[in-house]
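> Sequence first, then the predicted structure:
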Amino acid sequence: MPEHSRPLIALLTLAVLAAWCVGIFDRGYWTPDEPREADLSWRMSWQADKAVPLLAGEAFCEKPPLTYWIAGASMRAFGVSPWAARLPNLFYALITAAAVFALARRGAGPIAAAAAAAAIATLLLAYQVSIWLATDAPLVAAVAVALLGTYEGFYAERRATRIGGYLLMHAALAVGFLGKSAAAWMVPVLALATLIVWERRWRELARWELYLGLPVQAAVIGLWIWFVYSGTDGPGHLKVFFWDNLVGRFTQVSAPAGLQYTTGHQNSPGKYLLELPLYLWPWTLLAAAALRSAWRRRHEPSEHRRAVRFAVACMLPTLAVLSMAATARNIYLAPALPGAALLIGWWVGVGADAQDRWDRRALQATAGLLLGACAAAAAAAALIGYDAWNELPSRGAYVLGCGLGIAVAAALALSAWARAGRGRLTGACAALLGAYCTLLILPASQLYPQIDRWQNLPSIGIALKRDLNGAPLVLVAPDETTRAWVDMYTRTSVERIDAAPTAAAGLRRVRAAVTANPRRRFLILLGGRTWSPRVRALARRLGLRVPAAPQPAPAWVAAAGLEVVRTYALPYGRRYALLEPAATR
């Protein structure tokens, strides 16, 4: 790597770190999923049995406990704040970037390594994974390390290197399994199998070095399974972990209604391919240019195309398998993103010698996409600022942060456009990365606290605890998010009626609960969203349809002999009602 490029790489590395830190540390728990994951981690920080995660005190067997062990330890050390729960995410993101850097350096050189690490840090789906409190961040980190070990072992020229690579692969897969079960195996196993077939290296299957690390995996995974099996309802928990939740993601299985995963996030033919450009944003066109460049260079010596083959082996088989599954979520593809990052890195690494007008156009079009993102950020900043002007802690900081960030990002995008036109590929890529990171740092740091007002479930939990004044609480048809924030911020022991009161069975259960103890209070999730008067007035002036004011309570409330005593509502967010027997007022 040229000496003169090192200061620039150091500056861009700091920009990526700052973008991570803003997303990880500068916001609260956001739905979907983060409140649930926070409660699971908080429970893990003090529960006695560490083998099975607990959601509001009940076994939650969707994922193994690694994420909750680590996040729980962080919360025990630093408190229940969101930044404390997500502190390990910075560690996971660094591991992922370092593993992809090492993989690309071995396959395509130092310039490709820097570009690939930057890509895996900033691809939209990868960035979402890195800043989100969920099991996916440690999963992607483990898979990235496993892919590095796979590459080292498969292409090793010495036995010691092969042993080290495959041992690293197995160790990482064992850790990944504890993060998100057998999903950790999919990308590395499919990649290795694809490479064996592609290169006709059948003897690789007979190498003892490939299997040397299997006892490591068996020991780590088997020990956890033993602790689960030895606990209360161990066989039932293992069935949920490995049958209902794992197999049930790919096809419908015989399971309770709450564990029928095929009923939600349903898949459709081509869904992942259609959404792939969004997952790779803003580097989608660069990935397309890299594929085109790889095709043009397909007749070069085989060793020059190892990185391309490995990248394709990471992505395409995984896309094919996921496309056949019954369920589909964008996050399922995240472990394959190191392949996309490697491909982009390879393209940047060879681009100085092989670029043509299509490569330059891809860069210029990407600059145009980022200019569009600047416009979208300006519109969002203006609208949110208009709506929350009176609640802003510092109006000057808000205007300066958003305005300066958008202006700098736009200037860097224009610089990238000009550099690409002059054929300066690496300089254009650096300017594009700087533009994107600027948007993720300055405007985002001002917008996130305002979005927190829409997601401030802790404020509802604290208010509910005060309003209950010691009365027993019943949650009526709660979702996981409701159970989580009530557990964390209101009380850890509540009753629950899962049946919806709109059905006869559910209504009978609510009536019975009211009759059995008139002191009971009932919490329900209301439909609709609360818009601020300023935004409603703006929508009317612009001729937009204004949603009707949400109803205060559903019709079944009166039929159950209840009435609303308090309503809790977040701006543009969730609404809840606290109910009590009508005779008590």
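Looks like it arrived, so ask away.

> Does Ala500 lie in a helix or a strand, and which?
Taking DSSP states H and E as the definition, Ala500 sits outside all helices and strands.

> Surely it touches Gly506?
Yes: if you go by C-beta atoms under 8 Å, Ala500 and Gly506 touch, sitting 4.9 Å apart. In short, each C-beta sits where N, CA and C put it, glycine included.

> quick one: which of those two has more around it?
Legend: neighbour count by other C-beta atoms under 10 Å for Ala500 and Gly506, higher for Gly506 (18 against 12).

> Confirm Leu579 sits in a strand?
Yes: counting by DSSP: H, G, I helix; E, B strand; the rest coil, Leu579 falls inside a strand.

> Quick check: the gap between it and Pro554.
Separation of Leu579 from Pro554 (C-beta to C-beta, to the nearest Å): 10 Å.

> Mind listing the shared neighbours of these two?
Shared contacts of Leu579 and Pro554 (C-beta atoms under 8 Å, 6 or more residues apart in numbering): Ile524.

> residue contacts, Thr420?
Check again: residue 420 is Ala, not Thr. With C-beta under 8 Å, 6+ apart, Ala420 has these contacts: Arg360, Leu363, Gln364, Ala367, Ala428.

> Am I right that the last one is in a helix?
Yes: assessed with three-state DSSP, Ala428 lies in a helix.

> Would you mind listing where the stretch 201-350 of the chain has pLDDT under the threshold?
248-264, 304 (pLDDT under 70).

> which residues of it fall in helices?
208-211, 214-230, 234-239, 271-279, 284-296, 306-324, 337-354 (DSSP state H, counting those that start in this stretch).

> Could you list every helix and strand in contact with the third one?
Read it as helix 234-239. helix 214-230 (3 or more C-beta pairs under 8 Å, 6 or more residues apart in numbering; DSSP states H and E).

> what's the helix it packs on in contact with?
So helix 214-230 is contacted by 50-52, 64-65, 167, 170-171, 173-175, 177-178, 234-235, 237-238, 241 (C-beta under 8 Å, 6+ apart).

> Among those, which lie within helices?
The helices, defined by DSSP state H, take in Leu167, His170, Ala171, Leu173, Ala174, Val175, Phe177, Leu178, Gly234, Pro235, His237, Leu238 from those.

> Mind pulling up the pLDDT for the fifth one?
On the pLDDT scale, Ala174 is placed at 97.

> residues touching it, list them.
Contact partners of Ala174, counting by C-beta under 8 Å, 6+ apart, are Val216, Gln217, Val220, Ile221.

> quick one on the thing from earlier: what subset of the contacts of helix 214-230 is buried?
For the contacts of helix 214-230, a burial check counting by 16 or more other C-beta atoms under 10 Å picks out 51-52, 64-65, 167, 170-171, 173-175, 177-178, 234, 237-238, 241.

> My read is that Glu209 contacts Tyr166, right?
Yes: proximity of Glu209 to Tyr166 meets the contact threshold set by C-beta under 8 Å, at 5.3 Å.

> Among the two, which residue is more densely surrounded?
Taking neighbours as other C-beta under 10 Å, Glu209 and Tyr166 compare with Tyr166 leading, 25 against 18.

> measure the nearest residue to the more buried one once chain neighbours are set aside to Arg201 for me?
Nearest residue to Tyr166 in three dimensions, chain neighbours excluded: Gly153, at 3.9 Å (C-beta to C-beta, 6 or more residues apart in numbering). Using C-beta to C-beta, Gly153 is found at 12 Å from Arg201.

> Read off the pLDDT value for the nearest residue to Asp136 once chain neighbours are set aside.
In space, Asp136 comes closest to Val129 once its chain neighbours are excluded; the distance is 4.7 Å by C-beta to C-beta, 6+ apart. If you check Val129, the pLDDT there is 97.

> likewise Ala182?
On pLDDT, Ala182 comes in at 90.

> tell me the contacts of the residue nearest to it when sequence neighbours are not counted?
Spatial nearest neighbour of Ala182, chain neighbours left out: Leu246 (5.9 Å); criterion: C-beta to C-beta, 6+ apart. By C-beta under 8 Å, 6+ apart, the contact set of Leu246 is Ser181, Ala182, Ala183.

> okay, those residues in JSON lines with distance to Ala313 and neighbour count next?
Converted to JSON lines, the contacts of Leu246 look like this (distance: C-beta to C-beta, whole Å; neighbours: other C-beta atoms under 10 Å):
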{"residue": "Ser181", "distance to Ala313": "22", "neighbour count": "21"}
{"residue": "Ala182", "distance to Ala313": "19", "neighbour count": "16"}
{"residue": "Ala183", "distance to Ala313": "18", "neighbour count": "20"}
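
> Helices - which of these land there?
Those of the contacts of Leu246 mapping onto helices are Ala183, per DSSP H.

> For the closest residue to Ala560 other than its chain neighbours, the count of nearby residues, please.
Of all residues not flanking Ala560 in the chain, Val510 sits nearest, at 4.5 Å (C-beta to C-beta, 6+ apart). Val510 has 25 neighbours, counted by other C-beta under 10 Å.

> Kindly confirm my reading that Val510 is in a helix.
Yes: assessed with three-state DSSP, Val510 lies in a helix.

> okay, it: pLDDT?
91.

> Next one: it from Ala500, what distance?
Going from Val510 to Ala500 by C-beta to C-beta gives 10 Å.

> Repeat that for Ala373.
Relative to Ala500, Ala373 is positioned 41 Å away (C-beta to C-beta).

> Cys429 too?
Taking C-beta to C-beta, one finds Cys429 at 53 Å from Ala500.

> Next: Thr481.
Following C-beta to C-beta, the distance that separates Thr481 from Ala500 is 16 Å.

> Repeat that for Val247.
28 Å.

> Gly385 now?
Gly385 is 40 Å from Ala500, by C-beta to C-beta.

> Same check on Phe101?
Per C-beta to C-beta, Phe101 is found 50 Å from Ala500.

> what do you get for Ala172?
43 Å.

> got a list of what Val476 touches?
Here Val476 is in contact with Ile497, Pro501, Gly506, Val510, Phe522, Leu523, Ile524 (criterion: C-beta under 8 Å, 6+ apart).

> Now it: phi and psi?
Reported as degrees, to the nearest 10, the phi and psi values for Val476 are phi -100, psi 120.

> Give me the pLDDT for it.
If you check Val476, the pLDDT there is 95.

> That one bridge partners, please.
On the basis of DSSP bridges, Val476 is bridged to Ile497.

> what distance separates the start and the end of stretch 54-68?
Terminal residues of stretch 54-68 lie 10 Å apart, using C-alpha to C-alpha, to the nearest Å.
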